[in-house]
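sequence first, then the predicted structure:
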Amino acid sequence: MDPRPLLSALLLCLTGACTPAEEVPETHPWITDAQGRALILHGANVDGSAKGSPDRMPVQDRATIERMAQDWGWNHARFLIFWDALEPSPGEYDSAYLDRVQERLDWFEQMGVYVVLDMHQDVYAARFCCDGAPEWAIRDDDEPFELQAMWFLNYFQPAVQRAFDNFWLYTDGDHADLQDHYGDAWATVAARFGSHPAVLGYDLMNEPHPGSMLDSVELLGGEANPDGTHPEFDQTRLQPFYQRMIDRIREVDNDSWVFFEPRYGAPGDGLPSYIGVLEDPRPEGARLAYYPHLYSVRLEASGVYNPDVDSTVPDWERHRETEAAEQNAPLLIGEWGLDQGTEGVELFVADVVTMADRLMAGWAYWDYRFGGWMPVDAEGNELPTMDLLVRAYPRAVAGTPTSFGTDPATGVFTLEFDAREDVTGPTEIHVPGRHFGADWEVVVSDPDGAWSSSWDADAEVLSVTVDPEQSSHRIEVRPGD
Ligand code: 9MR
């Protein structure tokens, strides 16, 4: 028997971050649209090509990005932005860069795609291989750095770890200006884009790395160490940083959602995060969303997915569900994905999307580049896994969703939700023709004649207006023959 889940659960409780199952709230807040409808988001990260491009924009043009909405029925993009592009010298923001971001946001708005702006970093900064902080914000104390062949191995270089350590030490370090600048950079983004109709909110930092506090045993999937550095990092570095950023953003933007993720590494692989409860000063109620990543180290190391020995998906589900409930925050997968050449790729993708439906969590696939991990080749042709990413889901629910999902045996999609008085507009369900055919059938639990539906064949969106007299509703979409 694998003792890890038990140990992880125990550790979670020892560190005060555990919520016994019976205390987990039954509902969580929903991200809603202007009509109050709960949004479920399916989409992709747009995208890794921006990291190294001279203008820091992804390679795609309007037409390729439009395929998200047109061909796959997606309504979500996690859009990469970079601190070094935004603030090339201290306190000076590049307005031409923001204009380029704006152009993409306008495209997304026209496509009905909701965007989360993700302040991306990998290995702290471009100087160390990858992307993130501007040159002036690298405080590595001249620690050594040797470029490694695999990008993530650079995280073990002393210069990289020192740069992170200095960034995280806010109150007792000499580098408090770094987080102040980072917060001001976010405030600049939020002041400029907070009211943009496509923008849902901000992901505070991509995969925040613990620097020298990284526990590499845990990173490689080993047992969590109860005396290890990760709980300390999460609670004394990451959590106060997040709180500072939330408070700073709220000075300029009261309405957008603030998304946050666990530290880099182990949580993505299913191990616990220890971030304590974050507070949103927003007087009308919190708008904080939990946006963790999911990657299986075992799968990436072996090139094979075997669910009998790889418990990433169930481990991740258990911990993230508990943590989201503890934060009282909606849960969405900010990144997940894998090399399409992996043995068992379809099984893994099916396991993740089914789990996400079970949690009623949206997701953004990593990433949108054709010919990379996206199941679309360099010429733009779909690979078989795309059929799993294109699935029925409720894009907007006129009430509080209580469950949804597709029965793998029958292909029937079912959505259940409770009525809510302050919502207007119909419930919208993406019904992909590739799975449902042309003569599918919709069955609603409300009395005949008390509900109505319409069909947008172009967008493949079914709209259902339910009977306001009923307190709960069940909508089934049954595939045609
Ligand atoms: O997939 C990306 C790979 O091509 C790059 O070399 C690497 C460094 O820039 O980043 C990879 O993308 C990672 C993302 O930035 C953060 N989460 C994990 C992604 C996959 O490893």
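Thanks, I have the structure now. As the structure is a prediction and not an experimental result, all values here were calculated from the model.

pretty sure G411 is in contact with G480, am I right?
No. Counting by C-beta atoms under 8 Å, G411 stays clear of G480, with 9.8 Å between them. C-beta coordinates here come from the backbone N, C-alpha and C atoms, glycine included.

the ligand contacts on the stretch 351-481 of the chain?
Within reach of the ligand by C-beta under 6 Å from any ligand atom, the stretch 351-481 of the chain has these residues: W366.

can you give me the strands in the stretch 351-481 of the chain?
According to DSSP state E, counting those that start in this stretch, the stretch 351-481 of the chain carries its strands in the segments 362-365, 393-397, 400-406, 413-418, 427-430, 441-444, 452-456, 461-465, 472-478.

sorry, back to before: who has more neighbours, G411 and G480?
Between G411 and G480, counted using other C-beta atoms under 10 Å, G411 has the larger neighbour count: 16 against 11.

mind listing what the residue nearest to D422 when sequence neighbours are not counted touches?
Using C-beta to C-beta, 6 or more residues apart in numbering and skipping the chain neighbours, the partner closest in space to D422 is G36 (5.1 Å). Listed by C-beta atoms under 8 Å, 6 or more residues apart in numbering, the contact partners of G36 are A398, R420, D422, V423, T424.

among those residues, the buried ones, what's the ChimeraX command?
Applying 16 or more other C-beta atoms under 10 Å to the contacts of G36, the buried members can be selected in ChimeraX as follows:
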select :398,420,423
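
tabulate the contacts of G36 (a markdown table), appending pLDDT.
Formatted as a markdown table, the contacts of G36 follow (pLDDT from 0 to 100):
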| residue | pLDDT |
| --- | --- |
| A398 | 98 |
| R420 | 93 |
| D422 | 90 |
| V423 | 95 |
| T424 | 95 |
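
joint contacts of G411 and G480?
By C-beta under 8 Å, 6+ apart, the residues touching both G411 and G480 are F436.

ramachandran coordinates for the residue nearest to D422?
phi 90, psi 10 (degrees, to the nearest 10).

next: P144.
Given degrees, to the nearest 10, the pair of backbone angles that P144 has is phi -70, psi 150.

now do the same for V349: helix, strand or coil?
helix (DSSP: H, G, I helix; E, B strand; the rest coil).

show me the contacts for it.
Contacts of V349 (C-beta under 8 Å, 6+ apart): L338, T385, L388, L389.

from L359, how far off is it?
Separation of V349 from L359 (C-beta to C-beta, to the nearest Å): 16 Å.

re the thing from before, let's have the contacts of G36 in TSV, adding distance to M374.
Converted to TSV, the contacts of G36 look like this (distance: C-beta to C-beta, whole Å):
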residue	distance to M374
A398	32
R420	36
D422	38
V423	34
T424	36
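
show me which of the contacts of G36 is closest to T229.
Ranked by distance to T229 (C-beta to C-beta), the contacts of G36 are led by R420 at 43.5 Å.

and that closest one, what does it touch?
So R420 contacts G36, A398, G399, T400 (C-beta under 8 Å, 6+ apart).

on that earlier part again, which one of the contacts of V349 sits closest to the ligand?
Nearest to the ligand among the contacts of V349, counting by C-beta to the nearest ligand atom, is L338 at 9.1 Å.

surely that closest one is in contact with E346?
No. Contact between L338 and E346 fails when scored by C-beta under 8 Å: they sit 10.6 Å apart.

show me which of the two is the more surrounded one.
Taking neighbours as other C-beta under 10 Å, L338 and E346 compare with L338 leading, 22 against 16.
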